[in-house]
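Colleague: pasting the sequence and the predicted model now:
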Amino acid sequence: MSTHKIAIVAMQGVQLLDVIGPSDVFAEANRQSGSYYYSVEIVSTSGTPVRGSSGLALIPDRLIDDGPSDFDTLLVAGDPLIQERPLAAGLLSWVKDTSARATRFGSVCSGAFVLGEAGLLNGRRATTHWSQASEFARRFPEVNLEPNRIFTRDGNVWTSAGVTAGIDLALAIVEQDLGLDIALKVARELVVFLKRPGGQTQFSTLLAGQVAQKTPIRAAQDFIADNLSADLTVAAIARRVGMSERNFSRQFKQEIGMTPADYVESVRLEAGRRLAEDSTIPLKKIATDIGFNDDVAFRRSFVRKFGTSPAAYRKSFGS
């Protein structure tokens, strides 16, 4: 098996997980496949150690001053302050030249700013960290930004959201190169989510819901999470927390950013997705256990949210 050479560009101030996460995935893929398929090099703009945002440092393997090289995959890691700093012309030139030679190229987190500045994402779909999406969209209007995705693939261009999403992107690359079985073995060995679909939102519904401040809304969220098969109509939940339907709906939307009905459906679907992936419970039973009237309604909602059916999801991602 021939070696697949990967370059990960790391700038001063990089979040180290943007670099270490993908590189550990590729290293574990070598071990699980019993080969030395991936060869990873850290590329820097200077000869000094790359000091990460945490204060820890990486020693680069190569400098951009060494000139472009033939890499199969090029990834540019992000920097939390990248939008506040000018990007060196030498870096942009190196990325342009190297990406033209590569089989695929992409970014982790705000590394998309480098690709955008280099003009490599024009007319492409791409994503970046949610907190920098607005600035990215303003600077690069010719890019089809998908701000909520975990990662996006458009042809040979792969871009991902922040930090841990780089692991998802790397797992997807491993699956393409070495197959689903190796990718799942890597994920299990690293004790990470077996495989999040790229289109999954950067925030889970439960995570987004943790911003609720008002006690009745938090109480409603707790009840929903613990009683998925119960009557979770707006009227029923409002009665439980002692609010009128109108006031409850208004405050819930204000606090959570979605209607109670949309929130209930999202929580049920996330529970259904986890059960489809981690259990062998029949899908019809999962549907009723999480509060859907039947498996048809469950399937319809699942396809609308995740872009695939529960059965297809279980076939691809089930443990």
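Modeller: Cool, the structure landed.
Colleague: tell me where the model's unsure across the stretch 151-300 of the chain.
Modeller: Low-confidence regions of the stretch 151-300 of the chain, defined by pLDDT under 70, span residues 193-214.
Colleague: what ranges do the helices span in it?
Modeller: Along the stretch 151-300 of the chain, the stretches classed as helices by DSSP state H, counting those that start in this stretch are 165-178, 180-190, 205-209, 215-226, 234-240, 245-256, 260-278, 283-289, 295-306.
Colleague: I'd like those laid out as TSV, including distance to residue 26.
Modeller: C-beta coordinates here come from the backbone N, C-alpha and C atoms, glycine included. Shown next, in TSV, are the helices of the stretch 151-300 of the chain (distance: least, Cβ to Cβ, whole Å):
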stretch	distance to residue 26
helix 165-178	6
helix 180-190	9
helix 205-209	28
helix 215-226	36
helix 234-240	46
helix 245-256	38
helix 260-278	24
helix 283-289	34
helix 295-306	27
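Colleague: most tightly packed of those helices?
Modeller: Most buried of these by mean neighbour count (mean count of other Cβ atoms under 10 Å) is helix 165-178; its value is a mean of 24.
Colleague: other SSEs contacting that one?
Modeller: Counting contacts by 3 or more Cβ pairs under 8 Å, 6 or more residues apart in numbering; DSSP states H and E, helix 165-178 packs against helix 16-33, strand 104-108, strand 151-154, strand 157-160, helix 180-190.
Colleague: reformat these as TSV; add distance to residue 233.
Modeller: Output for these, formatted as TSV (distance: least, Cβ to Cβ, whole Å):
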stretch	distance to residue 233
helix 16-33	42
strand 104-108	42
strand 151-154	36
strand 157-160	38
helix 180-190	38
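Colleague: the ones you listed: which one's closest to residue 288?
Modeller: With Cβ to Cβ, the closest approach to residue 288 among these belongs to helix 180-190: 28.5 Å.
Colleague: the closest one vs helix 16-33, what angle?
Modeller: Going by axes from the mean of the first three to the mean of the last three Cα atoms, to 10 degrees, helix 180-190 is angled at 120 degrees with respect to helix 16-33.
Colleague: may I have helix 180-190 as PDB, with CA atoms only?
Modeller: Only the C-alpha atoms of helix 180-190 are listed here, as PDB (Å, rounded to 0.1, in the frame of the first residue of the first chain):
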ATOM      1  CA  LEU A 180     -15.900   2.200   7.000                       C
ATOM      2  CA  ASP A 181     -14.700  -0.700   9.100                       C
ATOM      3  CA  ILE A 182     -11.300   0.900   9.700                       C
ATOM      4  CA  ALA A 183     -12.900   4.300  10.400                       C
ATOM      5  CA  LEU A 184     -15.200   2.700  13.100                       C
ATOM      6  CA  LYS A 185     -12.300   0.900  14.700                       C
ATOM      7  CA  VAL A 186     -10.400   4.200  14.900                       C
ATOM      8  CA  ALA A 187     -13.300   5.900  16.400                       C
ATOM      9  CA  ARG A 188     -13.800   3.200  19.000                       C
ATOM     10  CA  GLU A 189     -10.200   3.100  19.900                       C
ATOM     11  CA  LEU A 190     -10.100   6.900  20.400                       C
END
